[in-house]
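Student: Need the 3D shape of this:
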Amino acid sequence: MYTYDNFDRQIVSQRVAQFRDQTQRYLDGKITDEQFLPLRLQNGLYVQRLAPMMRIAVPYGTLNANQLRKLAHISRKYDKGYAHISTRQNVQLNWPKLEEVPDILAELLEVEMHAVQTSGNCIRNTTADQFSGVAADEIEDARPYCEIIRQWSTFHPEFAFLPRKFKIAVCGSESDRAAIMMHDIGLQITHDAEGKTAFKVFVGGGLGRTPVIGSLIHDKLEPEHLLTYLEAILRVYNQLGRRDNKFKARIKILVRAMGAEAFKAEVEKEWAHIKSGALSLTDEEISRAKSFFVPPSYQTLAQEDMQALALESADFARWLQHNTHEHKVSGYRIVTLALKTVGVAPGDITAEQFEAVADLSERYGFGEIRSTHQQNLVLPDVKQRDLFALWKELVALEVASPTVGTLNDIICCPGGDFCSLANAKSIPIAEAIQRRFDDIDYVYDLGEIELNISGCMNACGHHHIGNIGILGVDKKGQEFYQVSLGGSQGLNASIGSILGPSFAQDQVPDVIEKVLETYVNLRQPEERFLDTFRRVGIDPFKERAYA
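Tutor: Down below sits the predicted model:
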């Protein structure tokens, strides 16, 4: 993983000192709320319903064991002993005290972490496939390019006050696990017949009040031009994006208003001025970035017989099938730790779990951990022969629920329990669904289903792209829930269709059950929920749900 140099340490240290002074001046009444707002946002600090919320950056979802131990210490000392993995691969604290936030930032600096640009109208944390560097279907590791983008975008003076927040994701695998089509800029790494690297560039994707799938504006961008082309896109957006209405300020609104071809033409015009300028990436610079992501010292191992391993126990076999994935190196496996224990908010993790996972990452891997936008954690390099021993330890930690990729691997924002923007609670809905569908054999029979829950139209729970999406809405002061079907991420992305009028909270599990019963009755052999929905349309589901 990337290691800070003297420049990195100096600039983040200066930011900590700067924000410490700004916070003290605010507490002393020398800075108004309005003046403090952009300062705190670009240091990851929100004002929530009950307490401040602090968002800590996890660039492209990569962490090491020492960073996990520091997060455990911080959550125990400055919070309530737990933290939350967000859909942007970041870590959130829900109960920090404003006056202690500079101390938290100083502690994060000790392990090369920060909260810079995790909020505000700037370029946010760049995300990637959580299996980058180890996935069997990988074309090329996305992380070096994410790191190049991070270094370019951090403290970029021209883009510190954009019309609205800006999000970039990079995918280097055949399967898009980074949801690039739903980002302001999505980059898909490709190789031609000679193995030469290029990027497909998608622009104008996003969720929120106006969900939009990104438009392809360049299908073969050479790596040397990556930053100049991104800079051109941002310049066009910065100049032409709306600033009079924050609900229409995202780049997706601009691209849709202009049309993708017209927007591309403006980008190309701007790009012509800077294409061969100082931001051009040399082979040496790309090699420098890649040098931080060289493969660890894998042992030469034969492939284990996975069926033989599965005979160890039925519970282990379930976990092996659903929570582990194929690794590009023989004898290894990728392991997903499910932060979806029933009765616990999806994505929440305690200080004790942080510390235990840090220890496990060193004993069963190379001390590396990944966070995912599905709000789970990943151990990327586990020997196949160690899987059973690891599984037993994960069971004891309550992070081994064998439900990854199923109905109960729910994405869920903090909702009305924490967020001041939310119209309704999300966490109780997730728990009610998990408790209703507690028959693991039935959940497995349903197959691959993505269920996402958001507490408001900001769509932090990505409800628009859930195969089943649930959105909290306000009806005359009462919490109701709108259901949508047919959303999906990936390269064949789609926005879900609203089922119909919203439902009261206690009706939601019944409605989901009716939707699933309709799917079971209509599906063809080996057909996923999404495939069935796309084949038969929404009407049979609507008829059953409102019968």
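
Student: Same question for the helix or strand harbouring residue 74: list its buried residues.
Tutor: Per DSSP states H and E: residue 74 is located in helix 65-78. Going by neighbour count (16 or more other CB atoms under 10 Å), the buried part of helix 65-78 is 65, 67, 68, 69, 70, 71, 72, 73, 74, 75, 76, 78. All C-beta atoms are positioned from the backbone trio N, CA, C, and that covers glycine.

Student: Please name every helix or strand in contact with that helix.
Tutor: Contacts defined by 3 or more CB pairs under 8 Å, 6 or more residues apart in numbering; DSSP states H and E place helix 65-78 against strand 82-85, strand 91-93, helix 101-109, helix 351-363, strand 368-371.

Student: which residues touch that helix?
Tutor: 56, 81-83, 91, 93, 96-97, 100, 103-104, 107-108, 110-113, 350-352, 354-355, 357-359, 361-362, 367-369 (CB atoms under 8 Å, 6 or more residues apart in numbering).

Student: ranking the helices and strands packed on helix 65-78 by burial, who's on top?
Tutor: Comparing those by mean neighbour count (mean count of other CB atoms under 10 Å), strand 91-93 comes out on top with a mean of 25.

Student: Given it, what are its sheet partners and their directions?
Tutor: strand 52-56 (antiparallel), strand 82-85 (antiparallel) (DSSP bridges).

Student: show me the contacts for residue 424.
Tutor: By CB under 8 Å, 6+ apart, the neighbours of residue 424 are 415, 416, 455, 456, 472, 473, 474, 479, 480, 481, 505.

Student: go on, residue 213?
Tutor: Shown in contact with residue 213 (CB under 8 Å, 6+ apart): 181, 182, 205, 493, 494, 495.

Student: Look up how far residue 499 lies from the third one.
Tutor: Separation of residue 205 from residue 499 (CB to CB, to the nearest Å): 23 Å.

Student: returning to that earlier point: kindly reformat the strands paired with strand 91-93 as a markdown table containing mean pLDDT and distance to residue 260.
Tutor: What follows is these, written out as a markdown table (pLDDT from 0 to 100; distance: least, CB to CB, whole Å):
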| stretch | mean pLDDT | distance to residue 260 |
| --- | --- | --- |
| strand 52-56 | 95 | 31 |
| strand 82-85 | 97 | 33 |
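
Student: Adding distance to residue 406 as columns, could you present these in a markdown table?
Tutor: Below are the strands paired with strand 91-93 laid out as a markdown table (distance: least, CB to CB, whole Å):
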| stretch | distance to residue 406 |
| --- | --- |
| strand 52-56 | 28 |
| strand 82-85 | 18 |
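
Student: Nearest to residue 166 among these would be which one?
Tutor: When these are compared by CB to CB, strand 52-56 sits nearest residue 166, at 15.4 Å.

Student: Would you mind measuring the gap between the ends of stretch 27-47?
Tutor: 15 Å (CA to CA, to the nearest Å).

Student: Now do it: everything it contacts.
Tutor: Residues contacting stretch 27-47 (CB under 8 Å, 6+ apart): 15, 19, 22-23, 25-26, 52-57, 96, 98-99, 101, 105, 115-122, 160-161, 420.
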